[in-house]
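>>> Structure here, sequence nowhere to be found:
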């Protein structure tokens, strides 16, 4: 869910509301904390950039047998260290700067008349309605991407500075180029259909637009695992057959008809750890980052997969689509009302009507502002789902030590804060803070009489 563009469900959902997510930033931009907050695996499985996590449980095979649980994970919540705070606080600032930068860029395109000039340039080559929209979208997306490039480059260099990004600049640019192509293709399809609805339905277009947005969300979540993600990474069956069988047994016990578990070479782009269950309508996949396999013990991986399987069993993807659908409908209605007023009162923009492609940057600007305003609502909804998925993992694994240990590792390895200001968590976090999740595991252990020490 973070760092690398392997498109877990909700990230795909961001891509699918293409215009709106695209206005705020690149689809793969790391969130302050995803299911597994972002981080950097060091050279051994326990001591990370954040410092010494404390005593560890040595595996039966000795110190070289692989990653291990943190023996005192249920004893308390660790303190944040300066490096964790520097990375996390920088992410908060970058999130705000990106939103302001994107809004300013869109406003510049609208009120400078640049959008209208782009349309006139396209009209030199064609006056066919659909072709005009397609041509405008190609030019606009390219221009917008160039305008956001300085921030994207800064984010990449920042990830390199903290030891997360593993790509060279040319490799990163190649991936960015691929994403530009994906974005252009999807947005051309979306906006050609949307502007067709605007031309035919006039003031009722927003109803059809909302329906199109919802359908696009479902479509992209469904196709991303099979047709988009493989452009950027290689997915192979999990090599550890014993772990594969264990995960499949866990999934099947919860009614998920899975027949394969995949590992993805996420380390070609990032040192962040993650795992997810993604896909809809027959494209479901269980995926583990190779970094997670390298840095987490089997019990921790089992807990993480219990969390991800919980999302599927509890129908969180469909519930989230339903919740987003309400916001999409409201957003399209607000865009219709606001955009018409701006076009009527700001003739200097050069936008002749809402049905002209020159109105696209204005539509996206309004959607961006709407997204920023509703972010706390979406995050609150998401945090509730994440908490339920954590509880689900605790119940199906019965292993709060593994849960607490994995959350502590995500903090140490991914430099995510344990102690987050409530206002920051409310506004920016799509997941409960790591400290809150650790305490939840500790409370579960206490309620069920589970020892706060690792088993020998």
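Noted; the coordinates are in hand. If you're wondering where the values come from, they're calculated on a predicted model, not measured in any experiment.

>>> Residue 383 versus residue 391, what's the distance?
Using CB to CB, to the nearest Å, one gets 13 Å for the distance from residue 391 to residue 383. For the C-beta atoms, the positions are set from N, CA and C on the backbone; glycine is no exception.

>>> try residue 80
Counting by CB to CB, the gap from residue 80 to residue 383 is 20 Å.

>>> swap in residue 210?
With the distance defined as CB to CB, residue 210 ends up 25 Å from residue 383.

>>> next one: residue 217
Residue 217 sits 20 Å away from residue 383 when distances are taken as CB to CB.

>>> Would you map the strands across the chain?
Chain-ordered strands for the chain, with DSSP state E as the definition, fall at 235-237, 261-264, 275-278, 285-289.

>>> got those as CSV, with mean neighbour count, distance to residue 442 and mean pLDDT columns?
Formatted as CSV, these follow (neighbours: other CB atoms under 10 Å; distance: least, CB to CB, whole Å; pLDDT from 0 to 100):
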stretch, mean neighbour count, distance to residue 442, mean pLDDT
strand 235-237, 12, 35, 92
strand 261-264, 22, 29, 90
strand 275-278, 26, 22, 82
strand 285-289, 25, 26, 88
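
>>> Out of those, which gets nearest to residue 349?
With CB to CB as the criterion, residue 349 lies closest to strand 275-278 of the strands of the chain, at 40.2 Å.

>>> Show me where the stretch 201-350 of the chain has its helices.
205-223, 241-253, 290-295, 298-313, 316-345 (DSSP state H, counting those that start in this stretch).

>>> can I get the ones you listed in a markdown table with distance to residue 182?
Formatted as a markdown table, these follow (distance: least, CB to CB, whole Å):
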| stretch | distance to residue 182 |
| --- | --- |
| helix 205-223 | 10 |
| helix 241-253 | 29 |
| helix 290-295 | 23 |
| helix 298-313 | 24 |
| helix 316-345 | 20 |
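
>>> Packed most tightly, which of the ones you listed would that be?
Per residue and on average, the most neighbours among these fall to helix 298-313, with a mean of 24 (mean count of other CB atoms under 10 Å).

>>> so that one versus helix 241-253, what angle?
Helix 298-313 runs at 30 degrees relative to helix 241-253, counting by axes from the mean of the first three to the mean of the last three CA atoms, to 10 degrees.

>>> which regions of the stretch 351-456 of the chain sit below the pLDDT cut-off?
Judged against pLDDT under 70, the low-scoring parts of the stretch 351-456 of the chain cover residues 452-456.

>>> what do you get if the cut-off is 50, keeping everything else the same?
Judged by pLDDT under 50, the stretch 351-456 of the chain has its weakly predicted residues at 454, 456.

>>> The stretch 201-350 of the chain now?
If you take pLDDT under 50 as the line, the stretch 201-350 of the chain has no such spans.

>>> Tell me which residues are up against stretch 331-346.
Residues from elsewhere that reach stretch 331-346 (CB atoms under 8 Å, 6 or more residues apart in numbering): 20, 110-111, 203, 205-207, 209-210, 213, 349, 351, 353-354, 359, 362-363, 366-367, 370-371, 374.

>>> How far does that stretch sit from its chain's centre?
Using CA atoms, centre = their mean, to the nearest Å, the distance from the centre of stretch 331-346 to the centre of the chain it belongs to is 29 Å.

>>> same question, stretch 155-166
Its chain's C-alpha centre and that of stretch 155-166 lie 18 Å apart, by CA atoms, centre = their mean.

>>> Can you give me the buried ones in that stretch?
Of the residues in stretch 155-166, those buried by neighbour count under the rule 16 or more other CB atoms under 10 Å are 155, 156, 159, 162, 163, 164, 165, 166.

>>> Look up the pLDDT of the second one for me, please.
We have a pLDDT of 95 for residue 156.

>>> How much space separates it from residue 373?
With the distance defined as CB to CB, residue 156 ends up 29 Å from residue 373.

>>> what does the fifth one give?
With distances taken as CB to CB, residue 163 is found 35 Å from residue 373.

>>> For residue 390, give me its contacts.
The neighbours of residue 390, taking CB under 8 Å, 6+ apart as the test, are 307, 310, 403, 432, 437, 440, 441.

>>> isn't the third one right next to residue 439, touching?
No. Applying CB atoms under 8 Å as the test, residue 403 and residue 439 come out as separate, 11.0 Å apart.

>>> Relative to the whole chain's centre, how far out is stretch 169-181?
Averaging C-alpha coordinates over stretch 169-181 and over its chain gives two centres that are 18 Å apart (CA atoms, centre = their mean).

>>> What residues sit buried inside that stretch?
Applying a neighbour-count criterion of 16+ other CB under 10 Å, the buried positions in stretch 169-181 are 172, 175, 176, 179.

>>> Nearest to residue 198, out of the strands of the chain?
Of all those, the one in closest proximity to residue 198, counting by CB to CB, is strand 275-278 (32.3 Å).

>>> Can you give the strand pairings for the closest one, parallel or anti for each?
Strand 275-278 has its sheet partners listed here by DSSP bridges as strand 285-289 (antiparallel).

>>> Can you tell me what sits against the strand it pairs with?
4, 6, 8, 225, 235, 238, 247-248, 251, 258, 260-264, 266-267, 272-279, 301, 305, 308-309.

>>> Same list, the strands of the chain, but as JSON lines with distance to residue 116 please.
Rendered in JSON lines, the data for these read as follows (distance: least, CB to CB, whole Å):
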{"stretch": "strand 235-237", "distance to residue 116": "44"}
{"stretch": "strand 261-264", "distance to residue 116": "43"}
{"stretch": "strand 275-278", "distance to residue 116": "40"}
{"stretch": "strand 285-289", "distance to residue 116": "44"}
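
>>> among the ones you listed, which is nearest residue 243?
Judged by CB to CB, the one of these that comes nearest to residue 243 is strand 261-264, at 7.8 Å.

>>> What helices and strands are in contact with that closest one?
Other helices and strands packing on strand 261-264, by 3 or more CB pairs under 8 Å, 6 or more residues apart in numbering; DSSP states H and E, are strand 235-237, helix 241-253, strand 285-289, helix 290-295.

>>> nearest to residue 448, of these?
Per CB to CB, nearest to residue 448 of the helices and strands packed on strand 261-264: helix 241-253, 19.2 Å.

>>> if we can go back for a sec, neighbour-wise, which of residue 403 and residue 439 wins?
Neighbour totals were compared for residue 403 and residue 439, and residue 403 leads with 30 against 17 (other CB atoms under 10 Å).

>>> Now that one: closest residue in space, sequence neighbours ignored.
Counting by CB to CB, 6 or more residues apart in numbering, residue 403 lies nearest to residue 441, which is 4.0 Å off, once chain neighbours are set aside.

>>> I'd assumed residue 397 was in contact with that neighbour.
No. Between residue 441 and residue 397 there is no contact under CB under 8 Å: 10.6 Å.

>>> Which one's more surrounded, these two?
Neighbours per residue, other CB under 10 Å: of residue 441 and residue 397, the larger number sits with residue 441, 27 against 19.

>>> How about the contacts made by the more buried one?
Taking CB under 8 Å, 6+ apart as the definition of contact, the neighbours of residue 441 are 73, 74, 390, 394, 400, 401, 403, 404, 407.
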